[in-house]
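In: Predicted model follows, preceded by the sequence.
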Amino acid sequence: MLSTDWQSIGELALISVVVYSYLVFVLRLTGKRTTSKMNSFDWIVTVALGSMASTIILVDDVPLIEGLVGITGLIILQYLVAWLASRSRRFQRLVKASPCLLYYGDEFNDETLLKERVTRGEIIAAVRAEGYHSLERVSAVVMETNADLSVIPKAEEESLKVLENVTR
């Protein structure tokens with residue numbers, strides 16, 4: 001495990017630089033959305049890109065060009081899915097989750113909590129993380145498309161228009 005030749009180490013270093021440079025180039029070309037965590041599909045692509053990059057670098061059986069083509073294919077697919085989802089509501093509903101209301105009006109939405117596999121304790125933890133010491137100061141808690149929990153304070157209740165696309 002510790003014994004290896006300097007040529008292999010040099011090749012590994014060179015491949016690492018090429019893969020890293022290629023990823024930076026392609027990600028800058030396609031924009032921030034490619035590695036965002038806006039929804040589960042974006043997250044999956046980000047994890048897959050990391051896995052593919054490590055495989056290209058560490059596995060001798062994967063030729064560099066084939067690995068770069070695989071990365072390119074994933075990025076193109078992610079770009080196309082995001083492009084289609086931004087232009088078609090039907091396609092968007094097919095590939096993206098909807099934000100959902102977990103807590104509203106001093107009540108937990110138990111049906112949604114069960115469906116999303118979220119506990120009341122997790123809601124309370126999110127409220128604490130936002131600096132509130134009581135649910136009485138919270139108007140709503142929303143599970144976003146990327147599974148983040150958004151806490152909306154009662155002070156902003158007049159602006160609950162932000163809940164208009166949230167599944168109740």
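Out: That came in fine, so what should we check first? Numbers count the residues shown, from 1 in each chain.

In: C-alpha only now, for contacts and for neighbours.
Out: Fine.

In: mind pulling up the phi and psi values for residue 142?
Out: With angles defined as degrees, to the nearest 10, residue 142 sits at phi -120, psi 130.

In: got a list of what it touches?
Out: 99, 100, 101, 102, 103, 149, 150, 151, 166 (C-alpha atoms under 8 Å, 6 or more residues apart in numbering).

In: Please name the residues that touch the fifth one.
Out: By C-alpha under 8 Å, 6+ apart, residue 103 lies in contact with 109, 123, 139, 140, 141, 142.

In: Sort out for me which of these are in helices.
Out: residue 123 (DSSP state H).

In: Same list, the contacts of residue 103, but as a markdown table with pLDDT please.
Out: Shown next, in a markdown table, are those (pLDDT from 0 to 100):
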| residue | pLDDT |
| --- | --- |
| 109 | 96 |
| 123 | 96 |
| 139 | 91 |
| 140 | 93 |
| 141 | 95 |
| 142 | 95 |
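
In: What is the nearest of the contacts of residue 103 to residue 68?
Out: Of all these, residue 142 has the smallest distance to residue 68: 38.5 Å, by C-alpha to C-alpha.

In: does the closest one have beta-bridge partners, and which?
Out: residue 101, residue 150 (DSSP bridges).

In: thought residue 126 was touching residue 148?
Out: No: in this structure, residue 126 is not within contact of residue 148 by C-alpha atoms under 8 Å, at 9.2 Å.

In: So between those two, which is more surrounded?
Out: Using other C-alpha atoms under 10 Å, the more surrounded residue of residue 126 and residue 148 is residue 126, with 17 against 14.

In: Which residue ranges make up the domains of this structure?
Out: Domains of the chain are assigned by automatic domain parsing as 6-94, 100-163.

In: Just give me how far stretch 39-55 sits from the chain centre.
Out: On the basis of C-alpha atoms, centre = their mean, to the nearest Å, stretch 39-55 is displaced by 10 Å from the centre of the chain it belongs to.

In: And the contacts of that stretch?
Out: Under C-alpha under 8 Å, 6+ apart, the answer for stretch 39-55 is 19-20, 33-37, 62, 67, 70-71, 74-75, 78, 95-97, 145-147.

In: Try it again at 7 Å.
Out: Contacting residues not belonging to stretch 39-55 are listed as 19, 34, 35, 36, 37, 67, 71, 78, 96, 145, 146 [C-alpha atoms under 7 Å, 6 or more residues apart in numbering].

In: Can you mark which positions in that stretch are buried?
Out: Across stretch 39-55, burial judged by 16 or more other C-alpha atoms under 10 Å covers 39, 40, 41, 42, 43, 45, 46, 49, 52, 53.

In: Kindly report the same for stretch 161-168.
Out: In stretch 161-168, no residue is buried by neighbour count (16+ other C-alpha under 10 Å).
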